[in-house]
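Chemist: Provided below for reference: sequence and predicted model.
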There are 2 protein chains.
Amino acid sequence: MTLPPEFALIARHFRPLAGAGALDLTDDAALLDAPVGRQLVLAADAMVAGVHFLPDDPPETIGRKLLRVNLSDLAAMGAAPLGYLMTCGFTQGTPDAWIAAFAEGLAADQAEFGLAVLGGDTVATPGPASFSLTILGTVEPGRALRRAGARPGDDLWVSGTVGDGALGLLALTGRLPSDAHLTERYRLPRPRLALGQALADLARACMDVSDGLAQDLGHLARAGGCAAELWAAEVPLSASARLALAAQPSLLACVLSGGDDYELLFAARPEERHRVISASQATQTPVTRIGRFLDGDGVRVLDGQGTPITLPQSGWSHFA
Amino acid sequence: MTLPPEFALIARHFRPLAGAGALDLTDDAALLDAPVGRQLVLAADAMVAGVHFLPDDPPETIGRKLLRVNLSDLAAMGAAPLGYLMTCGFTQGTPDAWIAAFAEGLAADQAEFGLAVLGGDTVATPGPASFSLTILGTVEPGRALRRAGARPGDDLWVSGTVGDGALGLLALTGRLPSDAHLTERYRLPRPRLALGQALADLARACMDVSDGLAQDLGHLARAGGCAAELWAAEVPLSASARLALAAQPSLLACVLSGGDDYELLFAARPEERHRVISASQATQTPVTRIGRFLDGDGVRVLDGQGTPITLPQSGWSHFA
């Protein structure tokens, strides 16, 4: 009895990615010792072709994007990665070379971020390709970063630059001139794992920006029972984003609400500014102070003159 | 700033399912203490409408089927369930009542099997509805059941009845007369968790039957480096399956190769027959001896007279 192609596909492309505990992907489940003296951190995200990535994105980047989006969730909790499980819905007739490139991208990121696949499932779908990934990480007990905790008077910080992913999507779909930096940021987010871990005992609240800075700031403020003020002119922009905004100032809404940033958004007390900068330097991850938390509720976006700005949309939603 | 419908949907339907550690599904990840003195067992499966379930299956059963398929993987390892993460790709425009029924089904199974949701993601898809679930369980260190371990001379056992799921699909798609038992077995597999746990230190190898008895037996034999003989006349059938087979004997191939059984298939030494029966009785899970392991390789299917049968297909594959 020969093995059907599904098993050959898994053996060829995914078994080389299997980590300790994955049992070579030949058992019904992975088996690993519970990490001693750590808490488990678990998150899951799904991506659908044409919704979360472009069907003609290079296959090397597609699995990596999903892995990095999940790693960003670990970063937001201050956790370290341990492993992941992934289910792949490939369109019937997907070339073997496409799947090979998909797996090669994952292999590169496994090496970069220090984790390996523990299990998963591979199915054929009549619809668009879709993928789901569950990530497993660990954190020292009691030291996980949480969304709730921002208090009036706290500073609001963000890592890296904002808006590149959303602008990258516009560039890739012909609505902006093509730009290698923006494209790369759309396809390959940069999970801020080292910064997240360095912010334990320092950030009072933290999350990653996935659905748009303004909307996600709303979550952070609401979880802390306070209001937030976002200083639009202070929001860190890449050179590419600054160029795009200079040519078309109305793109500000896209920058602040477009999503796909995967930067860390966090609250810290003003007396911790030096420690925040030290954590940034130690982890070689830029951070910028872009607002503050206040009594009340809601988010106010202010321009460089302190005048409130109204954003035409409040962030990405699947069911708007 | 009001919350978009995606968050309302999660709050309304999924937050009530959230377990300890899920942080009310409002953080970036779940956070739970690593179980002390246990090993972790992790598995993931995906389901696509029209492939793994029928688009007009009752929504109450769809999430439950995916949960049970994953629980069956835990059962095959002898593990106890702890929690799960689920990503849902709902077709745009799915009625809220459909999602409510989907979540109600999950709630019923959470109560029945003693676990709760830890996290997940909800997206809209332009394709068929698709779902992915990662299950987390635990097992006493060193006591997990594994696929490798069957040895020549071992008995081959299976739990419950075989073929109901595959025949249920035929009945639901009009290729067999409708039958409530077969329909229910297709939609709601019965993960054999108690039996799996009772087989620790007793079964030498174990897996769950998902892709067809004959094909999965091939995996078990190959993992043990031996051959297997399957006695078709001994394979346990439900009354409904017996009726269908009496009317149409060619359905035997569907019974033995159709898949969707989610029964436990395991090897045990002949001197353990009494203990296997005791485990069966203690867990109120029928078991039947349906073959044996031999020197060599491959699977031979024999009829009641000991004559080899050739099956026209060797099991379910997504990429045949």
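Modeler: Yes, it's here.
Chemist: which residues in chain A form helices?
Modeler: Assigned by DSSP state H, the helices in chain A fall at A:5-9, A:59-76, A:96-113, A:164-172, A:180-187, A:193-198, A:213-224, A:239-247, A:252-257, A:273-282.
Chemist: and those: which comes nearest residue B:228?
Modeler: Closest approach to residue B:228 among the helices of chain A (CB to CB): helix A:5-9, 17.3 Å. Any C-beta I mention is one placed from the backbone N, CA and C, and that applies to glycine too.
Chemist: is chain B contacted by that closest one?
Modeler: Yes - contact of helix A:5-9 with chain B (CB under 8 Å from any CB of the partner chain) involves A:5-7, A:9.
Chemist: who wins on neighbours among those residues?
Modeler: residue A:9 (21 neighbours; other CB atoms under 10 Å in any protein chain shown).
Chemist: these two touch, right, that residue and residue A:99?
Modeler: Yes - between residue A:9 and residue A:99 there is a contact at 6.6 Å, judged by CB atoms under 8 Å.
Chemist: residue A:151: how many residues sit nearby?
Modeler: Residue A:151 has 15 nearby residues by other CB under 10 Å.
Chemist: surely it meets residue A:220?
Modeler: No - counting by CB under 8 Å, residue A:151 does not reach residue A:220; the two are 11.5 Å apart.
Chemist: any common contacting residues for the two?
Modeler: Shared contacts of residue A:151 and residue A:220, defined by CB atoms under 8 Å, 6 or more residues apart in numbering or on different chains, comprise residue A:267.
Chemist: mind giving me the domain ranges of chain A?
Modeler: Using automatic domain parsing, the domain parsing of chain A gives A:5-139, A:155-309.
Chemist: need these in TSV with mean pLDDT, can you?
Modeler: Converted to TSV, these look like this (pLDDT from 0 to 100):
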stretch	mean pLDDT
domain A:5-139	94
domain A:155-309	97
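Chemist: so which of the ones you listed comes closest to residue B:280?
Modeler: Comparing the domains of chain A by CB to CB, domain A:5-139 comes nearest, at 20.1 Å.
Chemist: between the two ends of the closest one, how far is it?
Modeler: In domain A:5-139, first residue to last residue: 39 Å (CA to CA, to the nearest Å).
Chemist: repeat for stretch A:188-207
Modeler: 19 Å.
Chemist: may I see the buried residues of that stretch?
Modeler: A:188-193, A:195-200, A:202-207 (16 or more other CB atoms under 10 Å in any protein chain shown).
Chemist: contact partners for residue A:304?
Modeler: A:231-233.
Chemist: ok, back up a step: now the domains of chain A as TSV including distance to residue B:95?
Modeler: Formatted as TSV, the domains of chain A follow (distance: least, CB to CB, whole Å):
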stretch	distance to residue B:95
domain A:5-139	19
domain A:155-309	24
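Chemist: among those domains, which is nearest residue B:59?
Modeler: domain A:5-139 (18.3 Å).
Chemist: quick one: residues contacting the residue in the stretch 51-200 of chain A that chain B sits nearest to.
Modeler: Proximity of the stretch 51-200 of chain A to chain B (CB to the nearest CB) peaks at residue A:127, 2.0 Å away. Contacts here follow CB under 8 Å, 6+ apart; on that basis residue A:127 touches A:89, A:91, B:48, B:125-128, B:130.
Chemist: from the buried residues of stretch A:188-207, which are also near chain B?
Modeler: Answer for those near chain B (CB under 8 Å from any CB): residue A:207.
Chemist: one step back: most packed of the helices of chain A?
Modeler: helix A:59-76 (a mean of 26; mean count of other CB atoms under 10 Å in any protein chain shown).
Chemist: what about the longest strand in chain A?
Modeler: strand A:80-91 (DSSP state E).
Chemist: tell me if that one is near chain B.
Modeler: Yes - using CB under 8 Å from any CB, strand A:80-91 comes into contact with chain B via A:85-89.
Chemist: distance of residue A:243 relative to residue B:53?
Modeler: Distance of residue A:243 to residue B:53, given as CB to CB, to the nearest Å: 49 Å.
Chemist: should've said residue A:21
Modeler: Counting by CB to CB - residue A:21 and residue B:53 are separated by 30 Å.
Chemist: can you check residue A:160 too?
Modeler: 41 Å.
Chemist: over to residue A:153?
Modeler: Distance of residue A:153 to residue B:53, given as CB to CB: 52 Å.
Chemist: could you check which of these two has the larger neighbour count?
Modeler: Taking neighbours as other CB under 10 Å, residue A:153 and residue B:53 compare with residue B:53 leading, 23 against 13.
Chemist: just the buried ones from the residues of strand A:80-91 next to chain B?
Modeler: Applying 16+ other CB under 10 Å to these flags A:85-89 as buried.
Chemist: identify, from these, the entry nearest to residue B:147.
Modeler: Nearest to residue B:147 among those: residue A:85, at 17.8 Å, using CB to CB.
Chemist: beta partners of the closest one?
Modeler: residue A:119, residue A:134 (DSSP bridges).
Chemist: quick one, what contacts it?
Modeler: Applying CB under 8 Å, 6+ apart, the residues near residue A:85 are A:30, A:117-120, A:133-134, A:136, B:42-44, B:134.
Chemist: save the residues you listed as CSV, and put in neighbour count and distance to residue B:170 too.
Modeler: What follows is the contacts of residue A:85, written out as CSV (neighbours: other CB atoms under 10 Å in any protein chain shown; distance: CB to CB, whole Å):
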residue, neighbour count, distance to residue B:170
A:30, 27, 34
A:117, 26, 35
A:118, 30, 35
A:119, 30, 31
A:120, 28, 29
A:133, 31, 34
A:134, 32, 33
A:136, 28, 39
B:42, 29, 33
B:43, 29, 28
B:44, 27, 28
B:134, 32, 30
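Chemist: got those residues as CSV, with distance to residue B:290 columns?
Modeler: Formatted as CSV, the contacts of residue A:85 follow (distance: CB to CB, whole Å):
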residue, distance to residue B:290
A:30, 28
A:117, 34
A:118, 32
A:119, 28
A:120, 30
A:133, 38
A:134, 35
A:136, 37
B:42, 30
B:43, 25
B:44, 29
B:134, 31
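Chemist: how about stretch A:143-162: buried residues?
Modeler: Under 16+ other CB under 10 Å, the buried positions of stretch A:143-162 are A:144-150, A:154-162.
Chemist: again with stretch A:30-48
Modeler: Result for stretch A:30-48 [16+ other CB under 10 Å]: buried residues A:30-32, A:34-35, A:38-48.
Chemist: which of the residues you listed sits closest to residue A:261?
Modeler: Once CB to CB is applied, the member of the buried residues of stretch A:30-48 that ends up nearest residue A:261 is residue A:45, at 14.5 Å.
Chemist: beta partners of the closest one?
Modeler: Bridge pairing for residue A:45 - DSSP bridges - gives residue A:133.
Chemist: which ones are touching it?
Modeler: Residue A:45 makes contact with A:66, A:69-70, A:73, A:132-133, B:87, B:121, according to CB under 8 Å, 6+ apart.
Chemist: now for these, which pair is the farthest apart?
Modeler: Most distant of the contacts of residue A:45, by CB to CB, are A:73 and A:132, 13.5 Å apart.
Chemist: can you tell me, leaving aside adjacent residues, what's nearest to residue A:104?
Modeler: Leaving aside its sequence neighbours, residue A:104 sits nearest to residue A:60 (CB to CB, 6 or more residues apart in numbering or on different chains; 6.0 Å).
Chemist: residues touching residue A:168, list them.
Modeler: Counting by CB under 8 Å, 6+ apart, residue A:168 has contacts A:179, A:182-187, A:260.
Chemist: with distance to residue B:212 as extra columns, can I get these in TSV?
Modeler: Output for those, formatted as TSV (distance: CB to CB, whole Å):
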residue	distance to residue B:212
A:179	51
A:182	48
A:183	45
A:184	44
A:185	45
A:186	42
A:187	39
A:260	42
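Chemist: what would these look like in a markdown table with distance to chain B?
Modeler: Converted to a markdown table, these look like this (distance: CB to the nearest CB, whole Å):
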| residue | distance to chain B |
| --- | --- |
| A:179 | 27 |
| A:182 | 23 |
| A:183 | 23 |
| A:184 | 23 |
| A:185 | 20 |
| A:186 | 17 |
| A:187 | 18 |
| A:260 | 14 |
